[in-house]
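Enquirer: Need coordinates for the below:
(2 chains)
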Amino acid sequence: MKKSRRTFIASAAATLPLAATAAVAPKSVEDNPAFKTCPRAKGGKNAERFPQTIVQDQHGRKAWFYEELISDKLVLVSFTSVKGEQYYPILSNLVKVQKMLEDRLGKDVFMYTVTTDPHRDTPESLKTLADKYGAKWQFLTGEPESIREILASFNARGSLHALSWIGNEKHGRWLNKPSRLHPLYIAEAVARLSTGKHHKPFLVDMRSV
Amino acid sequence: MPNRRDVLKAGATAVATTPAIFGGAVVPGLAHAQLCRPEGIRSPGTEPDSPPVSVYTQALYIPPAMAEVDPGDLSPPPDPNRHQRYEDFPPQKHYVQHITEGFWNYHDDYTAMNPNGGSPAWMFNGATPGETMVARYGEPVFVRRYNDLPLAENAQIPFGYPATTLHLHNAHTASESDGYPMDFAMPGEFWDHHYAMMLARNDPREALGSLWYHDHMIDFTATNVYAGLSAMAIFYDDLDTGDENDLNPDALRLPGNLQHGGDDAGNANGYDIPLILHDVRFTQEGHPTYNVFDTDGHLGDVITVNRKVTPFLNVEARKYRFRIYDGGPSRLYELMLSDKSSFHVIATDGNLLEHPVVATSIVIGPANRHDVIIDFSNYSAGQTVNLENVMEQINGQGPSGRRLEGADVMPVMQFRVKQPSGPDYSRVPDFLRELPPINLDEVVAEREWVFDHDMGLWTVNGEFMDPTVVSAAPRQGTAEIWTFRNAGSSWAHPVHVHFEEFQVLEWNGKPPTGVLRSRKDVAVLGPNDTAKVFYRFDDFHGSYVIHCHNNVHEDNAMMLRWDIVPRGGNDHDDDRGRGRGR
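Expert: Okay, the predicted model is just below:
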């Protein structure tokens, strides 16, 4: 697989006011030193919102983040790090979600944890972390700049990020849930966004009448 | 003092040369790499601009009033057992709405870009906003809403989720008809709404006038409303009768002739006109676009009024009542007329003030409403005056604190003045509606609700939406003091509580004045603001929510469930023991 390169049209907030009358012709990002044209993912519904980067899981396997792990899949993406788990643990909750999704995991539902600390977290340290909790899904690290771009695409800014994203790129719809929300509601979000035979509007019908 | 242009210029220079925003001095090469983001530094301001289109060329769409249906045609018939107090308030008016996906003409230019004869939209009975629910206190209403949207995998709208639950904001509605976020209908299902049209505590001082109905689907409110699922409601009562020629001496005779809707040429049927603002961003194909990954909030770069991009309205040289709604999802506005002329503010969040307030601008946040009376008799036929937004907002968190000037002012809509068709007997009375008394002796509890942001989460009291957790359980027939506090120093949170209106006791420690001295249901908290308000809880029970009405924050779980428990009961009682019937 080759890196794809596209020229993206964007206007700079810093230089263009947000007025409808000022909706001037979009400028190429290359005209503006504040912007760099990134290699972009291709293929899925939200491809243009993700960078074209390579990640590595706790078993040392490398993959294109979007195209191989996200683009046509139903995914649950969470964020933590070896260090972060000491301060705001989320994995003990997510393994309960894993349990609820057991039959589907790795088949039509894919869970990923992206490290927020790519400078420190190696595949080996992430494997130790995953094994400690019995987490069978993929823990992703990589070049710090690549991981930084992935974090930015989910608007994850800090070293602790407590939101998980659930998305189905078959129809392109995403939602997020707090990573420590009751696991039932995380699993329910996966069921709601599923298509086909696995689709369920809810796992527990909480409708009032 | 630097004007906005200078500030921006300085900001642009800073970004281009010294990316201090990333934590200080870094060498240019590294800075360059850090700035490599999908679409550059992705923020609402760096999403691609909407294709430029002409302003003030589209006729304002004014939704007609809902059309009654014969209740005998409802199949299955309404099930009284699904509703609290159905027998106390038997419906007198029945309506049916079908929620569908279709194509909407936001602007002729966007429609021309689109091969489908319009931009994709989710609509009520084929339009957005849906028909206006025009109702009177004392005349209960029944609305059956069918979710006829396609399944998620077949929908043209690329964001949102096609399950719907409709909240009539902020009617005094039983929980099961209130659009509770978990009470959703999937495609192929319907949901019945019973609106008792009762005054809270049977007190005429508790009447609301300007309401709206919008989707409240768990996790997808911002996107579903943005897709088109919002519309207005107007309640009339014995004081605010909607008839400017009312012979009843008690009637206020505010501008209005009980006519709703308009024609395709920008002419209204009446003088009482709802205007709902949504800021939208369009793709190069003329589709509304939305960045779901920006959890700060969504900003559009063009303003739509009643889902028409910067429209115009022909107005007679006389008084009009406009009900102005901020439909969200995230933008706050400061609205003023282009000639800076003043107008009367008569209501906030649907509640008439005691006295009209003369103003030259109004500030509204998501879900706020202001009723204003503009007198166009000061203009001569052929003149125009524009409504404009002068509040700068550069991200979804809240206003920047600067005012837009000159060419940066955002156009909202244009009024084109024509000759009046007859005499104007409407009034701006000195006294509108008395506020219900606040009796602090009734207060049985005080609660604080702190709105904050932590580790990417938008939180209330450090918690987030979990429908099994009841965060407060006030008892019917009691009063409480609630304090809303914004713990953030850079963002705004329009706090909304369902079911009851509040009165402000203190805002940042000071008693309310002007428009704040009123009943309200959205408290727009600026950075570090604290609002202390008075509530009473009566008439119905069940589950309701408190949430941030920046709908993007709400969808990021900035919402908590609270329940009203029945008078005299001991425990939380959510089991009404009723059949499902779907």
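Enquirer: Next one: the closest residue to chain A within the stretch 51-200 of chain B from residue B:302, what distance?
Expert: Here the residue of the stretch 51-200 of chain B nearest chain A is residue B:52; by Cβ to the nearest Cβ that distance is 3.9 Å. (C-beta placed from N, C-alpha, C; glycine too.) Using Cβ to Cβ, to the nearest Å, residue B:52 is found at 9 Å from residue B:302.
Enquirer: Mind checking which of the two has more residues around it?
Expert: Comparing residue B:52 with residue B:302 by other Cβ atoms under 10 Å in any protein chain shown, the one with more neighbours is residue B:302, at 27 against 16.
Enquirer: Do I have it right that that one meets residue B:281?
Expert: Yes. In this structure residue B:302 lies within contact range of residue B:281 using Cβ atoms under 8 Å: 7.4 Å.
Enquirer: Phi, psi for residue B:382 please.
Expert: phi 100, psi -20 (degrees, to the nearest 10).
Enquirer: Could you list which residues are in contact with the closest residue to residue B:509 other than its chain neighbours?
Expert: Distances taken as Cβ to Cβ, 6 or more residues apart in numbering or on different chains place residue B:530 nearest to residue B:509, at 7.4 Å, with adjacent residues excluded. Contact analysis of residue B:530 by Cβ atoms under 8 Å, 6 or more residues apart in numbering or on different chains lists B:483-486, B:506-509.
Enquirer: Please report the distance of residue B:530 from residue B:230.
Expert: Here residue B:530 is placed at a distance of 30 Å from residue B:230 (Cβ to Cβ).
Enquirer: Now do the buried residues in stretch B:252-263.
Expert: Residues of stretch B:252-263 classed as buried: B:252-256, B:258-260, B:262 (neighbour count, 16 or more other Cβ atoms under 10 Å in any protein chain shown).
Enquirer: Can you tell me which residues in the stretch 351-500 of chain B are near chain A?
Expert: The stretch 351-500 of chain B has residues B:392-394, B:404, B:407-411, B:454-457, B:464, B:466-468 near chain A, with proximity defined as Cβ under 8 Å from any Cβ of the partner chain.
Enquirer: Would the least confident helix or strand in chain A by mean pLDDT count as contacting chain B?
Expert: Taking mean pLDDT, DSSP states H and E as the measure, the helix or strand of chain A with the lowest value is helix A:144-153, at a mean of 91. Yes. Judged by Cβ under 8 Å from any Cβ, helix A:144-153 comes into contact with chain B through A:145, A:148-149, A:152-153.
Enquirer: Buried among those? Make that a PyMOL selection.
Expert: Per 16+ other Cβ under 10 Å, the buried members of the residues of helix A:144-153 next to chain B correspond to this PyMOL selection:
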select buried, chain A and resi 148+149+152+153
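Enquirer: Setting the sequence-adjacent residues aside, check what's closest to residue A:174.
Expert: Once flanking residues are discounted, residue A:174 sits nearest to residue A:167: 3.6 Å by Cβ to Cβ, 6+ apart.
Enquirer: tally of neighbours for that neighbour?
Expert: Counted with other Cβ under 10 Å, residue A:167 comes out at 25.
Enquirer: per-domain residue ranges of chain A.
Expert: Domain segmentation of chain A under automatic domain parsing yields A:1-37, A:43-198.
Enquirer: what bridges to residue B:324?
Expert: residue B:275, residue B:370 (DSSP bridges).
Enquirer: do the same with residue B:543
Expert: Assessed by DSSP bridges, residue B:543 has beta-bridge partners residue B:563.
Enquirer: What residues does it make contact with?
Expert: A:208, B:175, B:180, B:470, B:561-563, B:574.
Enquirer: Of the residues you listed, just the buried ones, ChimeraX syntax please.
Expert: Restricted to buried positions by 16+ other Cβ under 10 Å, the ChimeraX selection for these reads:
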select /A:208 /B:175,180,561,562,563
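Enquirer: just to revisit the earlier point, now that the residue nearest to residue A:174 has come up, it's in contact with residue A:72, right?
Expert: No. The criterion here is Cβ under 8 Å, and residue A:167 misses it with residue A:72 at 11.4 Å.
Enquirer: With adjacent residues omitted, what lies nearest to residue 137?
Expert: Unless you meant another one, I'm taking chain A. Excluding its sequence neighbours, the residue lying closest to residue A:137 (Cβ to Cβ, 6+ apart) is residue A:111, at 3.4 Å.
Enquirer: I was thinking of chain B, sorry if that wasn't clear
Expert: residue B:237 (4.4 Å).
Enquirer: Distance of the one you found relative to chain A?
Expert: Plainly put, residue B:237 is 28 Å away from chain A if you go by Cβ to the nearest Cβ, to the nearest Å.
Enquirer: Do I have it right that that residue meets residue B:206?
Expert: No. With contact defined as Cβ under 8 Å, residue B:237 does not reach residue B:206; the gap is 9.8 Å.
Enquirer: Model confidence score at residue B:572, please.
Expert: For residue B:572, the model assigns a pLDDT of 45.
Enquirer: go on, the one 10 residues further on?
Expert: Reading off the confidence values, residue B:582 has pLDDT 28.
Enquirer: What are the boundaries of the helices in chain B?
Expert: For chain B, the helices defined by DSSP state H cover B:4-17, B:28-34, B:108-113, B:221-226, B:551-555.
Enquirer: who touches the fourth one?
Expert: Contacts of helix B:221-226 from elsewhere in the structure, counted by Cβ under 8 Å, 6+ apart, are B:122, B:159-161, B:164, B:181, B:214-215, B:217, B:278, B:280, B:288, B:290, B:292, B:298, B:327-330, B:551-552, B:554-555.
Enquirer: residues in contact with the residue most central in space within chain B?
Expert: The centroid of chain B falls nearest to residue B:367 when counting by Cα atoms, centre = their mean (2.9 Å). Residue B:367 sits next to B:169, B:325-328, B:494, B:496, B:521-522, B:549 when contact means Cβ under 8 Å, 6+ apart.
Enquirer: The residues you listed in strands, which ones?
Expert: Per DSSP state E, strands hold the following members of the contacts of residue B:367: B:169, B:325-326, B:494, B:496, B:522.
Enquirer: any idea whether the residue nearest to residue A:174 is helix, strand or coil?
Expert: At residue A:167, secondary structure determined by DSSP: H, G, I helix; E, B strand; the rest coil is strand.
Enquirer: what separates it from residue A:192, distance-wise?
Expert: 12 Å.
Enquirer: residue contacts, residue 134?
Expert: No chain in the question, so chain A it is. Residue A:134 sits next to residue A:95 when contact means Cβ under 8 Å, 6+ apart.
Enquirer: that's the wrong chain, I wanted chain B
Expert: B:65-66, B:233-234, B:236, B:242, B:260.
Enquirer: now do residue B:151
Expert: Going by Cβ under 8 Å, 6+ apart, residue B:151 touches A:195, B:162, B:187.
Enquirer: quick one on the thing from earlier: among the contacts of residue B:543, which pair sits farthest apart?
Expert: Farthest pair in the contacts of residue B:543 (Cβ to Cβ) is A:208 and B:562. Separation: 14.2 Å.
Enquirer: any weak-confidence spans in the chain?
Expert: If you meant another chain, say so; for now it's chain A. When residues are selected by pLDDT under 70, those of chain A lie in A:1-38.
Enquirer: right idea, wrong chain: chain B
Expert: In chain B (pLDDT under 70), the answer is B:1-46, B:569-582.
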